[in-house]
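Asks: output the structure for:
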Amino acid sequence: MTATPTASSGSDQADARAAAEERAGAVQRTIADTFDAEKVSSAMNRKWVLLACPDSEVQSAGGITLRLTESETVDPAYGRIRSEFSADPSFTAETNRTGRGLERLALSRGTGERYLVTVDNESLTVRIASFSPCYRGSLSDR
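Replies: The predicted structure follows:
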């Protein structure tokens, strides 16, 4: 006899989304806190959005944009972030380049969480994008 899967209730999906956003939000705030508060003139949280994953799952994506008062040296900034997460072996970090050629730090955890950090000294901004692990839900969830 085969069990029939049951759909998650709207409440379960809302709880899963809230938990994923809380976990990802905490990490993105930790990343933001590695920047010298005296160099940060403002911080703007981007609204969480849902992105599709395979198999009737979604993930939450959000971020923080920091406005800087002066330029930030990229290598030490990314070094501080790496250091902040170095004690947790579930995190890995690597650098790559954005489409505009800026060096970007990609931080990820084996659970599927991902964080992209880009220091843009031309616009004096730091962009921190976060992506939660996939969880049951649909793009129509609110």
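Asks: identify the residues contacting the lengthiest strand in the chain?
Replies: Assignment by DSSP state E gives strand 40-53 as the longest strand of the chain. Here strand 40-53 makes contact (CB atoms under 8 Å, 6 or more residues apart in numbering) with 17, 21, 32, 58-69, 131, 134, 137, 139, 141. Where you see a C-beta, it was placed from the backbone N, CA and C, and this is true even at glycine.
Asks: so for it, what's the average pLDDT?
Replies: Mean pLDDT, computed over strand 40-53, is 94.
Asks: how about that strand: buried residues?
Replies: If you call a residue buried by 16 or more other CB atoms under 10 Å, then strand 40-53 has these buried ones: Val40, Trp48, Leu50, Cys53.
Asks: among the contacts of strand 40-53, name the ones in strands.
Replies: Val58, Gln59, Ser60, Ala61, Gly62, Gly63, Ile64, Thr65, Leu66, Arg67, Leu68, Phe131.
Asks: which of the residues in stretch 61-72 are buried?
Replies: Ala61, Gly62, Gly63, Ile64, Thr65, Leu66, Leu68, Glu72.
Asks: do I have it right that the first one meets Ser130?
Replies: Yes. In terms of CB atoms under 8 Å, Ala61 counts as a neighbour of Ser130; the distance is 6.9 Å.
Asks: make a markdown table from the buried residues of stretch 61-72 and add pLDDT and distance to Leu105 to it.
Replies: Shown next, in a markdown table, are the buried residues of stretch 61-72 (pLDDT from 0 to 100; distance: CB to CB, whole Å):
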| residue | pLDDT | distance to Leu105 |
| --- | --- | --- |
| Ala61 | 96 | 17 |
| Gly62 | 96 | 17 |
| Gly63 | 96 | 14 |
| Ile64 | 97 | 14 |
| Thr65 | 98 | 15 |
| Leu66 | 98 | 14 |
| Leu68 | 97 | 16 |
| Glu72 | 95 | 12 |
